[in-house]
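Q: just to be clear, the model below is a prediction. Sequence and coordinates:
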Amino acid sequence: MKNLLTSFQVGFPTGINSRVPSSKFMDIKEFNIIKFPAVIFSDSHTNLSNIRRLKELYPDSQFFSLGDICQLFAKKGDKSNELSIQYFIDNKIPSLDSNHESHICGVEDGNHLLVLDKSHTIDSGYDLPKHQVEWLTSLPRGFKLILPNGKNYYCFHNQPLDLWTHPDKITEIEFREKYIFDDNTLAVICGHCHTNKIDEFTPKRILIGQLAGDDHHTKSQNGGNYLLLTEKGLEFKKL
């Protein structure tokens, strides 16, 4: 059975628990989960070795990346971004729009999106092939993963309308104002904050720690994180 995929403009979930952020429309890609387990990860930051390890562990599973497959701090001549992007293209791994990818696309288009502090420097370009830049710019802002029983998980890199800040702490009121979900949503899943966490909201908000081998913010060895989606639900896992 092939993977069923549709793309649609979301801005209109309905029902008692439905919430839509202030933007009227947003690009969400919808996937049917057709086989368990499925693998969800985020913030691989060009670390292909960990993705290959996941592929070896779950060779027949559906894979979903919540973004930051690139590294915006890469220097000129560094091919890691190009290799990472091409791996996702060749292996048909769905991924989301994120702050690193958005920044790189902006630089490649001649518009610098981020002013970094003095401790970080960035070169003026990434020299990516045109087809890779086009692939990056086509990434959706969110996923909707639909289970066989009709329940679903919404996935974003960070907040639907905010790729940059790190709201690892958020109130339920803020959550309900900023995120998309509907009456069938079991949880909203996000990456970006490089931490594993569950907020006991309705529905739950679940943060995934980074898959990359080290944290480029703290330089600590706390990578290898991913979520495994089984018939029983979501489980935090670590390589």
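A: Sure thing, it's come through. Because the structure is predicted, anything quoted here is derived from the model rather than measured.

Q: list the contacts for the most centrally placed residue in the chain?
A: Geometric centre of the chain, nearest residue: L66, 1.2 Å, by Cα atoms, centre = their mean. The contact partners of L66, by Cβ atoms under 8 Å, 6 or more residues apart in numbering, come to 40-43, 95-96, 98, 143, 155-157, 189-192, 208. Every C-beta, even on glycine, is put in place using the N, C-alpha and C of the backbone.

Q: return the subset of those residues lying in strands.
A: Those of the contacts of L66 mapping onto strands are 40-41, 143, 155-156, 189-190, per DSSP state E.

Q: the strands in this protein, which residues?
A: With DSSP E as the criterion, the chain has strands spanning 5-10, 26-32, 38-41, 63-65, 142-146, 152-156, 185-190, 197-199, 204-207, 225-230, 233-238.

Q: would you turn the ones you listed into TSV with mean neighbour count, distance to I104 and mean pLDDT?
A: Shown next, in TSV, are the strands of the chain (neighbours: other Cβ atoms under 10 Å; distance: least, Cβ to Cβ, whole Å; pLDDT from 0 to 100):
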stretch	mean neighbour count	distance to I104	mean pLDDT
strand 5-10	12	22	37
strand 26-32	19	18	93
strand 38-41	24	19	98
strand 63-65	23	15	98
strand 142-146	22	20	97
strand 152-156	27	19	98
strand 185-190	23	20	98
strand 197-199	15	27	96
strand 204-207	20	23	97
strand 225-230	21	23	98
strand 233-238	14	28	97
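
Q: so where is this protein shaky, pLDDT-wise?
A: Low-confidence segments of the chain (pLDDT under 70): 1-25, 110-125, 167, 214-221.

Q: 80 - rerun?
A: Under the criterion pLDDT under 80, the flagged ranges of the chain are 1-26, 76, 106-125, 166-168, 213-221.

Q: now, the most widely separated pair of the contacts of L66?
A: Spatially, the most separated pair among the contacts of L66 is D43 and F143, at 15.4 Å (Cβ to Cβ).

Q: quick check: the residue nearest to the centre of the chain vs K75, distance?
A: As judged by Cβ to Cβ, to the nearest Å, L66 and K75 stand 25 Å apart.

Q: for T165, give me phi and psi.
A: Dihedral pair for T165: phi -70, psi 170, per degrees, to the nearest 10.

Q: burial count for the residue lying closest to N196 once chain neighbours are set aside?
A: Excluding the flanking residues, the one nearest N196 by Cβ to Cβ, 6 or more residues apart in numbering is G209, at 4.6 Å. Residues near G209, counting by other Cβ atoms under 10 Å, number 23.

Q: for S49, give me its contacts.
A: Contacts of S49 by Cβ under 8 Å, 6+ apart are G213.

Q: how about 10 Å then?
A: Counting by Cβ atoms under 10 Å, 6 or more residues apart in numbering, S49 makes contact with 212-213, 239.

Q: count the residues that sit near the closest residue to S84 other than its chain neighbours.
A: Of all residues not flanking S84 in the chain, T46 sits nearest, at 4.2 Å (Cβ to Cβ, 6+ apart). For T46, the count of nearby residues is 22 (other Cβ under 10 Å).

Q: phi and psi next, for T46.
A: phi 70, psi 10.

Q: so what's the closest residue to D97 other than its chain neighbours up against?
A: Of all residues not flanking D97 in the chain, L139 sits nearest, at 4.3 Å (Cβ to Cβ, 6+ apart). Contacts for L139 were tallied using Cβ under 10 Å, 6+ apart; they are 27, 29, 65, 67, 69, 88, 94-98, 101-102, 105, 157.

Q: residue contacts, C193?
A: By Cβ under 10 Å, 6+ apart, C193 lies in contact with 42-43, 158, 165-169, 207-210, 217.
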